[in-house]
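Asks: what follows is a predicted protein model with its sequence.
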Amino acid sequence: WYRIGDYKKADSLSETLISADTTLAYPYLIRGLIAEVKKRPQKAIENLQKFISLAPEAEETPQIRKRLNNLILKQEKIK
């Protein structure tokens, strides 16, 4: 759902999956990416950090770390 731009369905599915199992990493990734698109950087940061903590060895993790660092730097510039 995220890839086709249906963020509402993607977020709803992510929420359902997290409710069922808080140790699943990818729903947090999707929620983080959606928050980033919707200009909610703090929510994006929280969810991307959670993804990284749950999936430190995932193939996507290095790219997500970079994205997360950029978000954090942008937030620090705003302060």
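Replies: Nice, I can see it. In this text, all values refer to a predicted model and were calculated from it rather than measured experimentally. Residues are numbered from 1 along each chain as shown.

Asks: same for the helix or strand bottoming out on mean pLDDT in the chain, what does it pack against?
Replies: The helix or strand of the chain with the poorest confidence is helix 61-78; it has a mean of 93 (mean pLDDT, DSSP states H and E). In terms of contacts (3 or more Cβ pairs under 8 Å, 6 or more residues apart in numbering; DSSP states H and E), helix 61-78 is packed against helix 26-37, helix 41-54. C-betas here are computed from N, CA, C, even on glycine.

Asks: pipe the ones you listed into JSON lines and attach mean pLDDT, mean neighbour count and distance to Lys77 per row.
Replies: Shown next, in JSON lines, are the helices and strands packed on helix 61-78 (pLDDT from 0 to 100; neighbours: other Cβ atoms under 10 Å; distance: least, Cβ to Cβ, whole Å):
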{"stretch": "helix 26-37", "mean pLDDT": "97", "mean neighbour count": "21", "distance to Lys77": "16"}
{"stretch": "helix 41-54", "mean pLDDT": "97", "mean neighbour count": "18", "distance to Lys77": "11"}
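
Asks: and those helices as CSV, adding distance to Ala20?
Replies: Below are the helices and strands packed on helix 61-78 laid out as CSV (distance: least, Cβ to Cβ, whole Å):
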stretch, distance to Ala20
helix 26-37, 9
helix 41-54, 14
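
Asks: where's the residue nearest to the spatial centre of the chain relative to Leu71, distance?
Replies: Taking Cα atoms, centre = their mean as the criterion, Gly32 is the residue nearest the geometric centre of the chain, at 2.0 Å. Computed as Cβ to Cβ, to the nearest Å, the Gly32 to Leu71 distance reads 9 Å.
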